[in-house]
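K.L.:
No letters, just coordinates:
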């Protein structure tokens, strides 16, 4: 604890800021201590003594007022007794009331035993005077003036008055002694306060002088060190300024080279964009050709399916014509048999004579129908043979067309594959050109960033050169100020 206090108030330890802080702190602490002592030892007791003095003066005044109330109460009673004036009686009652109020007030304020005894004796005298006056007033009110005269002759009013004055003077003398004691205490306190203030002022002056001498010595020592350091800093700044000049020249050359490279990369980027656009256009054309080939291929496939459908239908027609031929052959056979039956029916009708004549006519008609059916069947056979020959020819032609369409479909497939390869190749070329263009743009952006960084570096180099020049000037000014401080 003592070491920490010694380190706090030691003037030879710590930094210059700490010493200056202590130089302000210690007088401030002394001032606060003195101010606290002045307040608690001087101001507060003086204020309390002033309150006590005011209290004593108030109590003396209240006691005098109490004695005056007794005298005034007695004077008003004598006035009523001698003059029978009711106004004197009312005045007596008012003084009587005021006397009792003042008595109660003083009893609550005065606490010292001796003074309280004196106060009680004064109040007792007042009570005796009041009782005596009330008895006289009652005699007057009862119409017995001779009793009043008798009582007045026996009373010792002069002795009571003198006793009252003596008690009041004794009370006032005691209070005056208290006032003298209070004043002596105030004088002693003020004397000690004066000594305390002058002593603390002297101590503060010694402390401030000591701190000032210590700080002055420290400033002299530190200014010498700062002066040497500032000279070294000036030399280093001059060397740094030369280095920054060389660096600025290098940065300018690098910036020029980067600008040229930036222009070349920008040109390459534009050429890559043009190549990408051309590759994209070729890709679109190849995609259109591939779509056209695919459309042709779809149509050839549709044609092949149609030819196959025709061939299938032709085969079905050939089969149907064979069925028709078979049916026509069956019809011809039925016509032949019907003709035989009609012939037999004619023979039987002839045998039947007159009764079979009608049946013979029917048989003749049936025979005719059978002949026409046979003839129609022969015609149908002829037509069916023609149709079958035509269908066979159609089937042969369809098979030939089917083979041609198959060959065309194969050729179209080969062409579509070729176009797909071309389209894929163009797509790859387009993607490669896009990659080249993006790479060129990224290189251009990177070169722009490098150019901006070099420009910023150039600006920073110039600002550093200016700052170093300004710092060198300020250092020279600092050296001049340090010389002035010495």
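P.N.:
Noted; the coordinates are in hand. What you see is a predicted model, and the numbers here were worked out from it, not measured in a lab. Numbering: from 1, shown residues only.
K.L.:
just the helices in the protein please.
P.N.:
Under the criterion DSSP state H, the chain contains helices at 2-9, 16-37, 44-83, 86-109, 113-142, 145-154, 157-352, 357-485.
K.L.:
Can you add mean neighbour count and mean pLDDT and give these back as CSV?
P.N.:
C-beta coordinates here come from the backbone N, C-alpha and C atoms, glycine included. Output for those, formatted as CSV (neighbours: other C-beta atoms under 10 Å; pLDDT from 0 to 100):
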stretch, mean neighbour count, mean pLDDT
helix 2-9, 10, 52
helix 16-37, 14, 72
helix 44-83, 17, 81
helix 86-109, 16, 89
helix 113-142, 16, 85
helix 145-154, 12, 71
helix 157-352, 15, 76
helix 357-485, 15, 75
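K.L.:
care to break this structure down by domain?
P.N.:
Structural domains annotated on the chain: 2-234, 236-485, as defined by automatic domain parsing.
K.L.:
How far does the shortest one sit from its chain's centre?
P.N.:
Relative to its chain's centre, domain 2-234 lies at 63 Å (C-alpha atoms, centre = their mean, to the nearest Å).
K.L.:
Likewise for the last one?
P.N.:
Between the centre of domain 236-485 and the centre of its host chain there is 59 Å, according to C-alpha atoms, centre = their mean.
K.L.:
Let me see the contact set for the nearest residue to residue 363 once chain neighbours are set aside.
P.N.:
Once flanking residues are discounted, residue 363 sits nearest to residue 345: 3.5 Å by C-beta to C-beta, 6 or more residues apart in numbering. If a contact means C-beta atoms under 8 Å, 6 or more residues apart in numbering, then residue 345 has 359, 360, 362, 363, 366 as its contacts.
K.L.:
if we go to 10 Å?
P.N.:
By C-beta atoms under 10 Å, 6 or more residues apart in numbering, the contact set of residue 345 is 356, 359, 360, 362, 363, 364, 366, 367.
K.L.:
how about TSV for the residues you listed, with distance to residue 439 added?
P.N.:
Shown next, in TSV, are the contacts of residue 345 (distance: C-beta to C-beta, whole Å):
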residue	distance to residue 439
356	116
359	111
360	113
362	107
363	107
364	107
366	102
367	103
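K.L.:
which of those lies closest to residue 59?
P.N.:
For the contacts of residue 345, the closest approach to residue 59 (C-beta to C-beta) belongs to residue 366, at 180.2 Å.
K.L.:
quick one: contacts for the nearest residue to that closest one once chain neighbours are set aside?
P.N.:
Nearest non-adjacent residue to residue 366, counting by C-beta to C-beta, 6+ apart: residue 342, 4.3 Å away. Residues counted as contacts of residue 342 (C-beta under 10 Å, 6+ apart) are 360, 362, 363, 364, 365, 366, 367, 368, 369, 370, 371.
K.L.:
Could you rerun that using 6 Å?
P.N.:
363, 366, 367 (C-beta atoms under 6 Å, 6 or more residues apart in numbering).
K.L.:
Show me which of these is closest to residue 112.
P.N.:
For the contacts of residue 342, the minimum distance to residue 112 (C-beta to C-beta) is 181.6 Å, reached by residue 366.
K.L.:
ok, that closest one to residue 339 distance?
P.N.:
8 Å (C-beta to C-beta, to the nearest Å).
K.L.:
Equivalent analysis for residue 216, please.
P.N.:
Relative to residue 339, and taking C-beta to C-beta, residue 216 is found at 167 Å.
K.L.:
how close does residue 142 sit to residue 460?
P.N.:
123 Å.
K.L.:
Excluding chain neighbours, what is closest to residue 262?
P.N.:
Closest to residue 262 by C-beta to C-beta, 6+ apart is residue 447, at 4.5 Å.
K.L.:
If you could redo that for residue 341, that was the one I meant.
P.N.:
Residue nearest to residue 341 in three dimensions, not counting chain neighbours: residue 366, with 7.4 Å by C-beta to C-beta, 6+ apart.
K.L.:
again with residue 134
P.N.:
Nearest to residue 134 is residue 77, by C-beta to C-beta, 6+ apart, at 7.9 Å.
K.L.:
cool, and residue 85?
P.N.:
Counting by C-beta to C-beta, 6+ apart, residue 79 is the residue found nearest to residue 85 once chain neighbours are left out, at 6.3 Å.
K.L.:
Specify which member of the contacts of residue 345 is nearest to residue 313.
P.N.:
Nearest to residue 313 among these, with distances taken as C-beta to C-beta, is residue 366, at 39.6 Å.
K.L.:
From residue 338, how far off is that closest one?
P.N.:
Taking C-beta to C-beta as the measure, residue 366 falls 6 Å from residue 338.
K.L.:
got it, and residue 145?
P.N.:
201 Å.
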